[in-house]
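[1] Test case, fold it:
(one chain, ligands or ions: 2)
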Amino acid sequence: MHKITLIPGDGIGPSIVDAAVKVIEATGVQVQWDVQSAGMAAVEKFGNPLPDATLDSIRANRICFKGPLTTPVGGGYRSVNVTLRQAFNLYANVRPAISFEGTDTAFSDVNLVTVRENTEGLYAGIEHFIKVDEEKIAAESIAVVTRKGSERIIRYAFDYARRARRKKVTLVHKANILKCTSGLFLEIGREIAKGYPDIEFDDRIVDACSMQMVMQPQRFDVLVTTNLFGDILSDLAAGLIGGLGLTAGANIGSDAALFEAVHGSAPDIADKGIANPTAMIMAGAMMLEHIGEPDAARRIERAVREVIKDGRSVTPDLAKTSPCGTAQMAEAIVERVRSA
Ligand code: ATP
Ligand code: MG
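    Ligands and ions are numbered 1, 2, ... in the order given. Sure thing, here's the model as predicted:
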């Protein structure tokens, strides 16, 4: 029995999380869901977007399955997602981008994974204005790249490549300009690569890498990079396979791991019952893989891919003819998981 903290989230969150839970349960894997709240839902209930009970639950279970959260504007709240990342030291953001048959995209053979450093770089939060007489004359942002943080994420990428039977790790940087921060990251990458002779290693400058990713994404396998570049390139990769509605992400830390859809709470379609549950369901597959249920993970992934390819039970964002709703798409996936 796996005990997992479940956060339904805001907007379309509860509907896609419900869909994903049904699909996970259809595999037969035994899960005890510890339902907790965060985001707007928690503000409404407890006056706090991240109640202690939620943090305690994640601390105890070490695995969290989370719907998209809205951080309330005003009220001085910090982003809940950022707070969770820091509270559990979720240093690796892992996002597979693997083409789905039956979607309308420029390439049909993308198969790459971005591994983004999630705690330092330009997101260390060291930012300020330099003021003279109340006049903002300059703004500074400081990127922090540490040896420890770099080693940890680069090793994670190589170990991941080994586990996932992938062949190559590409380190993305801007060491020609950012000689200290990006330079250190690249230097450490070259050192660590020597310990993984079975995995090919190369590096790319981030601008050239972006161009190659949109021209020949087939060239890439595992990408590892610092926070800001990873933020941008992982969205680019999501775009290559058909957008945010399909893309799942894992946030892996030393103290916990959190699995989620990459997209937000999509308030524009929140009450319509038409959100695509794919990203959340694929996040569920990543989670099952992580907790040692790889067969169930693969069954889910295969079922999702078959349903999308088949095209008869898909939400409006994917449908070429008659679309269905979130629940119907989930039901089609559940049936295939059961019969697999
Ligand atoms: P948030 O403030 O929570 O980030 P957002 O308004 O930025 O929310 P996103 O969820 O990031 O919204 O989505 C951007 C666009 O993509 C929206 O128009 C939304 O309807 C669409 N979208 C996002 N996720 C899905 C999904 N799972 N299914 C269908 N459409 C989606
Ligand atoms: Mg958004």
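[2] residues near the residue of the chain found nearest ligand 1, how many?
    Shortest the chain-to-ligand 1 distance, computed as C-beta to the nearest ligand atom: residue-wise this is G264, at 2.1 Å. Just so you know, the C-beta spots here come from the backbone N, C-alpha and C atoms, and that holds for glycine as well. A count of nearby residues for G264, using other C-beta atoms under 10 Å, gives 16.
[3] Work out for me the element it sits within.
    Assigned by DSSP states H and E, G264 falls within no helix or strand.
[4] Write out the residues of this protein neighbouring ligand 1.
    By C-beta under 6 Å from any ligand atom, the part of the chain that sits against ligand 1 consists of 12, 68, 70, 244-245, 263-269, 275-276, 279, 317.
[5] Return the members of those classed as buried.
    Taking 16 or more other C-beta atoms under 10 Å as the criterion, what is buried in the residues of the chain next to ligand 1 is 12, 68, 70, 244-245, 263-266, 269, 275-276, 279, 317.
[6] So for those residues, which is the shakiest by pLDDT?
    Among those, L244 has the lowest pLDDT, at 85.
[7] if you skip the residues just before and after it, what's nearest to it?
    In this structure, L244 finds its nearest non-sequential neighbour in H263, 3.8 Å apart by C-beta to C-beta, 6 or more residues apart in numbering.
[8] ranges for the strands of the stretch 151-300 of the chain?
    Listed in chain order, the strands of the stretch 151-300 of the chain (DSSP state E, counting those that start in this stretch) span 168-173, 200-205, 222-225, 248-252, 257-261.
[9] Strand 200-205 and the first one, what's the angle between them?
    To tie it back to what came earlier, the one meant is strand 168-173. 20 degrees (axes from the mean of the first three to the mean of the last three C-alpha atoms, to 10 degrees).
[10] From the contact counts, what lies against strand 168-173?
    The contact analysis (3 or more C-beta pairs under 8 Å, 6 or more residues apart in numbering; DSSP states H and E) places strand 168-173 against helix 147-163, helix 181-193, strand 200-205, helix 206-215, strand 222-225, helix 227-240.
[11] Please apply the same query to the shortest one.
    In this structure, strand 222-225 packs against strand 111-117, helix 147-163, strand 168-173, helix 227-240, with contacts taken as 3+ C-beta pairs under 8 Å, 6+ apart.
[12] can I get the CA coordinates of the third one in PDB?
    In other words, strand 168-173. Extracted C-alpha coordinates of strand 168-173, given in PDB (Å, rounded to 0.1, in the frame of the first residue of the first chain):
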ATOM      1  CA  LYS A 168      23.000  10.800 -24.300                       C
ATOM      2  CA  VAL A 169      23.100  13.700 -22.000                       C
ATOM      3  CA  THR A 170      23.400  17.200 -23.400                       C
ATOM      4  CA  LEU A 171      24.400  20.000 -21.000                       C
ATOM      5  CA  VAL A 172      22.900  23.400 -22.000                       C
ATOM      6  CA  HIS A 173      24.700  26.600 -21.000                       C
END
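[13] List the buried residues in that strand.
    169-173.
[14] now the longest one
    Of the residues in helix 147-163, those buried under the neighbour-count criterion (16+ other C-beta under 10 Å) are 149-150, 152-158, 160-161.
[15] quick one: the residue nearest the centre of the chain and E301, what's the gap?
    With distances taken as C-alpha atoms, centre = their mean, the residue of the chain nearest its centroid is G249 (1.9 Å). Separation of G249 from E301 (C-beta to C-beta, to the nearest Å): 15 Å.
[16] likewise G195?
    Taken as C-beta to C-beta, the span from G195 to E301 is 30 Å.
[17] Who has more neighbours out of the two?
    A direct count of neighbours by other C-beta under 10 Å for G195 and E301 places E301 higher, at 21 against 9.
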